[in-house]
Structures are given as C-alpha cells and as structure tokens.
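Student: can you look at this prediction? I've put the sequence above it.
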Amino acid sequence: MAHLNREESEIVDMSMITEEESANDRSTISVPQTSLETRATPAESRLVFGAPEKRLTLFALRLAVLEKSATSIGTLAFIWATVVLLGGFAATLDLTDFWVVTVILITEGTRTFGRSRELEWQHRATWSFMDVGVNGFRAMKSSSVTVFRKVKTLFQKPGQGSRSREISLARKVSKKQQYEEQIATTRTWTNSEVPVLPVLQWIFLSKNISKFLYWLQLASATACVVLSMLNLVNRNFGETKKGDTDKRNREQALIIFYSLALADAVLFLVEKAYWVWEFRVEKLLEKVNNECELGDLGLISTTRFFYDSYSKSLNISIFDGLKMDMVSFAIDLMESGSLEEQLIGVRILKKFSENPKFSKDTLQKIGVKLPVIARLLEMLNWKHEEEHEIRYSAAKILVNLAERKQNILRIAEIPGALECISSLLHAGRTATGISFEILEKGVVFDNGNYSNWSFNHLGLEILRKLARDHDICEKIGNTRGLLSKVIHFLHADEQLLQQSNVEQLQIATVEGSLQLLQRLAYTSSKAGKQLRKDISEIVFTVTYIRDILKHGEMHPDLQLLGIQILSSLATAEEATERIAATGGVLKVLFCIFFNDNIPRNVREAAGEALATLALQSMNTCHRILMLQHNKELVKALNDPLLRVNAARILRNLCCYSGNDRFQQLKGLTDAVPTILEAIMIEDNKVQEVMIGAGVSIFKLMESQESTRLFQKANITKFDLVQKLTRILTKYRYPSIQVPGIRRYTVELAIWLMKDDPENATSFQRLGMSGELESILDTTSDLESFHIFCGTIGLYRHNIEMQALIETAMKLLQQ
C-alpha cells in the first residue's frame, strides 16, 4: 500500500475522483448538513437521515442491483448465443450474422471478465496516487511554491515575524513529509505499485491496469450497443426459403439475442452514467466525507468504506452492504495487520468518539467489545516513531471511552490494562522500583503534535477517569512504579508556574497528576488507607506540593488540588507527621489562609488542611504555635469566610498542644467574647465549631478570668446555660450536618457546672436531666469521630459519648 498522508488520490472508474486534502480536522456528525447536499424529495430525506455513510450504502445497493441485472441478462444472452444460435443455427447463419454474434460474444466476455476483476484492482488502487499527470503537476506546483518561499526568505531581514512563521511551517511540513515516507516504507509490495510484468512496468502497474479495464468495458459496451442496434434496425438476417425448416426460427432467435445483448450493454452504461453522475457531478464521496467531518485524508477512508460496501452487495447479498457502518468498518481496519489500515481505523474512531452527536453510538459499539478495547490498550505500547499517531489516537479514544462508568470497569478487567496505560507516562528519569534519581527539570518548549507531554497528559487523563471506581484505585496503587510516575509530574518549579509563555501541556500535565492523586488520596475503605500511606511514603510528594503552593499564585486551581491532597493524606497519622515536618508547608498554608487576594475556595481548603493536620498531633500543634499566628487566628473568627476553620484550628491547638505550652496558648483567650457571641447568635456548623472551640479555651482559664470575659461579651453564664439547653432540645437525634454539636454542648455544660455549682442548679431547673437521658437513648457512632472519609469515621474521640453524659448527670445530681 502506498502513502497514507498524501494530498490527493484519483480513483479510476469506480470513483474517478480527484481527492483534495481537506483543510479541516473536525469530529464527525451523524446528521448530514443541508448546506452540503442537493435538495431531496421527502422520501429521499427520510432515507438519508441519520449516519452520513448510509447514503453510500444505499448508493452501493442501487449499483449492485443494476450490476447484477446486467450480469444476469448478459449471462442469458451468452447462453442463448452458444446454445440456440451457434448450436442450432451455426450452419444456417449468414456470414455477417455469424461474425457479428461472435464479436458480440467476445466483447461481452471481455467486458464480463473486466467487470469481475476491475473492482479488485480499483479497491487496491485507492491507496495510491492514481493520476500521474495531475499529481505530478500539483507536486511541481507545491515544489515551486516551496522554492519561492526559500528564495523570499533569503531577502528578508533577520527577526521578521513572517520569516519565523514560515520557518515554523516549513518544519511542520518537513516532519509530515518524513512521516509519510516512513509510513510508506514497508518490507512488502504496495498493491497499487506492483509491476505485473517485467517489461513496460509503468503500463502494467496495478493502478494503470484499473484504468485499462475501465476503458475496455466502456469500449466493449459501446461496441455491443452499436452492433446490436444496427442489426435490430436493419434486420438483414438472410432469406428463408419456403419449406426450409432449419431456418424457420432463425430471425426470431437473432432478434432475441440482439435484444438481450442491447439490454445488457445499456444497463451497464446506465450504471456507469449513474456512477459518474453521483461521483463526478454530485460529488457524493466528498459530501459524505464532509458530513462525517473526517478531515485530512478522510476521502481515502470514505472511498474504502464504499468499496467494501459495494463488494459485499455484489459478492454476497445485495442487502449485506446496507449492514455496514463507518464505526464497524473502522474497528475491522484497526484490527488488521496493516499499519496503514490500523491508522485509518483509529483516525475514524477518534474523530467519531470526539463528536457529541455521534460519540454515544461509537463508544457504545467499542465498549461492548472487549477485544477492541484490548487492541486499543495494546496500541498504547507502540512506541516506534511511525506509530505515534496510532498510539495518540488510541489514547484519545480510551479517554472518551472512560467517560462512562460501565466502560471503565471493562477497561480495568482486561489483564495488563494499567501497565499499558502506564506506558504512556514518560517521566524522563530513570526509575528503579519507586525511587527516582534526582535530576534538574527545567521548562521544556515542545511544539510537537505527539510529544511526551501529549502522551503524559492523555495517560493521566485515562487514569483519572478510571480512578472514579475505588476498586480500580486500589489496582492503580498496586501497579508497580505507577504511583511514582504520577507523583513525578507534580514537579513544577518557580519558572514553570510563574511564567506565562510556558507550554500549556506542561501545566495541564501537572493538573492531571494532581487530580489523579486527589482521587486516589480520597479513596475510602482499607484500600484508601493503604493508598494514602503509599503516596505519603514517596519522598517527593509533599515537597512537590509545597512548591506548587508556594509559587502557584497564577494557578489557584493547582493550589486547591494540592491542598486537598494534603488534607486527605493528613487523615493518616504517619502522613500528618511527614507533612508537618516538611519545611515551609505549614507556613505557606497559613499564608494562603490569611491572604485576601487568593480565591475563597482555596483559602477555605487551606484552613481545613491546617485543622486536619493539627488534629490529635502534638508535634504539628507545636510547629503551628512556633509560627506565632495566634492574633491572626483570633481575628479570623470575625471573618465569615474563615471563622469555621479558624475555630477548628483553635480547638485543636488548645486540646493537643500539651500542658507545657500554656504560655503560648494564653493569647487565644482573647477569642472568648467572639466565641460566646457566635454561640448565642449563630446556628448549624458555625455554632458547632464555636462551642467546640469555647470548651477547649475555657479549660485553659481560671474562673475569675472566664467571668471577666463573659462580662466583656455582655453575656451571663445563665444565658449560656439556657442556650445550651435549647440546643440539646433542638438536636434530639444525631445530625449528619453537625455530628459533633451534642458532644460539644455536653462538654461545655460539664465545664459550666464544674466552674460554678449554681450553673448545675440552673441546668436542673431547665430540664437538662431529661435532655441527657434522651441523648443517652439516641447516641450514635456518628458522634464518636472528629472527621469522616465518605461514611467511614476517622480520629475517634478519646472520651465516649456515654461517659460524658454520665459525668454530666453526676454533676447535676450533686
């Protein structure tokens, strides 16, 4: 087979079309565009509505009907001539009639043979340059333009913009030409270029044989029409003497034969006229190709599809061609052993799968066939330069295929699927196990269509979509070396993050890596716990995320993903220590949390990460206190955006810093008036975290100091007693929205009763005993954890809810 990436190809007879390379590279559509079709009757409109290729299969059916009708009539004429005329009247035929019948039989036989072989030759010729003259002229024209541009370049001044653009274009054209030459280089003969005979090789090329057969058929049919018409008009069949029984039916037999021959030839010429009208005048192939939006080289695929449909209609049943569609055709090509056919197949599937109007049917047909998915995964391992486009297209198809949940399960079921996807990821570093050699990584400016950045981005995109299923997340974590590759792409230094002229694919790759890790780190169950452990144990993880947070002011989306990963990893105790011990992580999180110029969602995520890191971690709390952000935290309680996470951080600092840090925590007592006011006024989540923060801070104070702060807030302790009782009355059952509010309320009630026995009397008078008994009957495991991963609780409270209620009831009785 000849070059695939060519500008044009002319197909003799069956197409006789000059193919010009399309300027658009778009996805296909399933509904024909009215601007590209001629006006049709309502019946025809109903027939062609739907997939554009249905017009080709219908045309192939009509041609097959004409072809088979002509063939049947021609066969009948041949039998009539050999059996009736040459068998029964051979001796009595006039010499002229004898030779006319003989010539017609020979021409009909020649045309029948040519018709049976022509389709095969032309089918092969679709892969080659068919018209040497036309293509030679266009090649000469292209070459002259190139020479003109080169000469023009010599007279341009250095640094001119047009020169740089032309050089860039010339490089792209050069790469494309090199690729075309590589594709054409095979170790087997190209069908259309086979020299059938050792002499006059140009004449006996298969593409020229196709031309010869085409014109031979036209000449034979024309001769048959002329001879039959002349003899039917003249009817000079010789005289029949009276009583000569041997010649009695000769005239009628000759009339029947000439009529059959004429009908056969006319049907053939009608078929050819219909063909030329549709392909040369109406340009059916170009219209279908444009409606499919196959773009560059699409006409080759469309023509090949038509030939296959026409062959089935001719060789099997006339209706078999109607069963063909472009998707099944592309799948068959993709599974062939020819590199050229595989390339055409994946090109079609890629474009169809990317079009919203046609992707559903395409992806459905691919998704239900595991061998097709396995073939696409196998193509991801093809790393030869000639196979880059096939590999890229296969990756794009898998990205689209993984959009649907059922498809990702089928992909993951195939043995070695994740290893094949991992082959797309080119880290650019040597790996032994999960350890990478530490190398410098600068900004890379890569404009190639199939660069490593393109494949890296596609590989991460496929994995990200597969990671929607938690079982597949576990498989990703168990695939050897895959996590290390993914984490490698987190590396983004200051130059990459802060310059605006970097390759966008690099930023997209970093984002894809962050999105994938975010899903892996958020996985629930035991698999998620192990994944978080494995991710945090890779020494580059936290360092790379810290660099993104530090230098990613221009990319808040990257910062948000990095912070969410840290929050998920912080749910593992060992990971918490690693994150907090990495220099600058806590500092940059606080900088983001307090920075008014950073988007709201990023600041909220930073506060949540800090609260999670400080939860039940004394070392983390000590490091936070050393940063001396107490005043900023107290001030943040007044900010509606920051107050929830600021209150969580304050609670964790007070609860888990240890008794030796009392002096460093002393400044947090200034938050008491704000906390009391929020408890009295707010509700839901804000009220919950403020009660929790208040309990932890009140435990650090003496009774006199707390009384002074109550007075400063202009709130009495009895007011707080009443509020707490109303809260317990409101929340008679655990709440998913505020799972800790009843626990924190009971803890604050216990502190109030210990602080002043009169508060216990007030609680007793307000019916606290009944509320506590009600809580005792409705306690849930939901209230036993600080945070949750999905439906799984993390970080259990040190004191059980039942023990707190028993303590409160004892204080009430005293």
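Tutor: Cool, got the structure.
Student: so where's the protein shaky on pLDDT?
Tutor: Along the chain, the parts satisfying pLDDT under 70 run over 1-50, 84-95, 97, 109-210, 236-249, 296, 427-450.
Student: quick check, central residue of this structure?
Tutor: residue 399 (2.6 Å; C-alpha atoms, centre = their mean).
Student: show me where the stretch 251-400 of the chain has its helices.
Tutor: Ranges of helices in the stretch 251-400 of the chain, per DSSP state H, counting those that start in this stretch, are 284-292, 298-315, 326-334, 339-354, 359-367, 370-379, 388-401.
Student: how about the CA coordinates for the first one, as PDB?
Tutor: This file holds the C-alpha atoms of helix 284-292, laid out as PDB (Å, rounded to 0.1, in the frame of the first residue of the first chain):
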ATOM      1  CA  LEU A 284     -21.200  12.100  -3.300                       C
ATOM      2  CA  LEU A 285     -18.000  10.900  -1.700                       C
ATOM      3  CA  GLU A 286     -16.900  14.400  -0.900                       C
ATOM      4  CA  LYS A 287     -20.300  15.300   0.600                       C
ATOM      5  CA  VAL A 288     -20.300  12.200   2.800                       C
ATOM      6  CA  ASN A 289     -16.800  12.900   3.900                       C
ATOM      7  CA  ASN A 290     -17.600  16.500   4.700                       C
ATOM      8  CA  GLU A 291     -20.700  15.400   6.600                       C
ATOM      9  CA  CYS A 292     -18.600  12.900   8.600                       C
END
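Student: helices or strands up against that helix?
Tutor: Contacts defined by 3 or more C-beta pairs under 8 Å, 6 or more residues apart in numbering; DSSP states H and E place helix 284-292 against helix 54-79, helix 298-315. (Each C-beta comes from the backbone N, C-alpha and C, glycine too.)
Student: quick one, phi/psi of residue 380?
Tutor: The phi/psi pair for residue 380 (degrees, to the nearest 10) reads phi -60, psi -20.
Student: if we can go back for a sec, now the helices and strands packed on helix 284-292 as TSV including distance to residue 518?
Tutor: Shown next, in TSV, are the helices and strands packed on helix 284-292 (distance: least, C-beta to C-beta, whole Å):
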stretch	distance to residue 518
helix 54-79	44
helix 298-315	39
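Student: my read is residue 715 is in a strand, agree?
Tutor: No. Residue 715: not assigned to a strand; according to DSSP: H, G, I helix; E, B strand; the rest coil it is coil.
Student: next, it: phi, psi?
Tutor: Dihedral angles for residue 715 - degrees, to the nearest 10 - are phi -130, psi 130.
Student: could I get the contacting residues of it?
Tutor: By C-beta atoms under 8 Å, 6 or more residues apart in numbering, residue 715 lies in contact with 676-677, 680.
Student: could you rerun that using 7 Å?
Tutor: Counting by C-beta atoms under 7 Å, 6 or more residues apart in numbering, residue 715 touches 676, 680.
Student: I'd like the distance between it and residue 681.
Tutor: Using C-beta to C-beta, to the nearest Å, one gets 10 Å for the distance from residue 715 to residue 681.
Student: ok, residue 419 next?
Tutor: Distance from residue 419 to residue 681, by C-beta to C-beta: 58 Å.
Student: neighbour count winner among those two?
Tutor: Remark: of residue 419 and residue 681, residue 419 carries more neighbours, 15 against 11, as counted by other C-beta atoms under 10 Å.
Student: buried residues, stretch 661-674. List them.
Tutor: Residues 661, 664-665, 668-674 are the ones in stretch 661-674 that count as buried (16 or more other C-beta atoms under 10 Å).
Student: deepest-packed of the helices and strands packed on helix 284-292, please.
Tutor: Greatest average neighbour count among the helices and strands packed on helix 284-292 goes to helix 298-315 (a mean of 23), per mean count of other C-beta atoms under 10 Å.
Student: and that helix, what does it pack against?
Tutor: When contacts are defined as 3 or more C-beta pairs under 7 Å, 6 or more residues apart in numbering; DSSP states H and E, helix 298-315 sits against helix 54-79, helix 284-292, helix 326-334, helix 339-354.
Student: how far is it from where the chain is centred?
Tutor: 29 Å (C-alpha atoms, centre = their mean, to the nearest Å).
Student: what's the burial count for residue 773?
Tutor: Other residues near residue 773 number 12, with proximity taken as other C-beta under 10 Å.
Student: likewise residue 316?
Tutor: Counted with other C-beta under 10 Å, residue 316 comes out at 11.
Student: among the buried residues of stretch 661-674, name the ones in helices.
Tutor: 664-665, 672-674 (DSSP state H).
Student: now, the most widely separated pair of the residues you listed?
Tutor: Using C-beta to C-beta, these span at most 20.7 Å, a distance reached by 664 and 673.
Student: show me what contacts the residue nearest to the centre of the chain?
Tutor: 458, 461-462.
Student: which of the residues you listed count as buried?
Tutor: Listed as buried from the contacts of residue 399 are 458, 461-462; burial here means 16+ other C-beta under 10 Å.
Student: residue 699: which of those is nearest?
Tutor: Distance to residue 699 across these (C-beta to C-beta) is lowest for residue 461, with 50.2 Å.
Student: ok, now which ones touch the closest one?
Tutor: 399, 512.
Student: as TSV, the buried residues of stretch 661-674 with distance to residue 696 would be great.
Tutor: Below are these laid out as TSV (distance: C-beta to C-beta, whole Å):
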residue	distance to residue 696
661	13
664	14
665	9
668	9
669	11
670	14
671	10
672	11
673	16
674	14
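Student: find the nearest non-adjacent residue to residue 721, please.
Tutor: residue 762 (4.6 Å; C-beta to C-beta, 6 or more residues apart in numbering).
Student: ditto for residue 634
Tutor: residue 671 (4.5 Å).
Student: I'd guessed that neighbour sits against residue 638; true?
Tutor: No. Using C-beta atoms under 7 Å, residue 671 is not in contact with residue 638, being 9.5 Å away.
Student: for the buried residues of stretch 661-674, which one is nearest residue 63?
Tutor: Distance to residue 63 across these (C-beta to C-beta) is lowest for residue 674, with 85.1 Å.
Student: now do the same contact list for that closest one.
Tutor: Here residue 674 is in contact with 637-638 (criterion: C-beta under 7 Å, 6+ apart).
Student: what's in contact with stretch 644-661?
Tutor: The contact list for stretch 644-661 (C-beta under 7 Å, 6+ apart) reads 604, 607-608, 610-611, 614-618, 621-622, 624-625, 633, 636-637, 665, 668, 671, 685-686, 689-690, 692-693, 696-697, 700.
Student: same check, this time on stretch 572-592
Tutor: Contact partners of stretch 572-592, identified using C-beta under 7 Å, 6+ apart, comprise 529, 532-533, 536, 542-543, 546, 549-550, 559, 566, 569-570, 598, 602-603, 606, 609-610, 613, 617, 619-620, 623-624, 627, 629.
Student: with stretch 768-787 instead?
Tutor: With C-beta under 7 Å, 6+ apart, stretch 768-787 has contacts from 571, 612, 615, 725, 728-729, 732-734, 739-740, 742-743, 749, 793-797, 800-802, 805, 808-809, 812.
Student: so which of those belong to strands?
Tutor: Applying DSSP state E to the contacts of stretch 768-787, the entries found in strands are 793-796.
Student: from these, which would you call buried?
Tutor: 793-795.
Student: without its sequence neighbours, what residue ends up closest to residue 678?
Tutor: Leaving out its chain neighbours, the residue that sits closest to residue 678 by C-beta to C-beta, 6+ apart is residue 690, at 4.2 Å.
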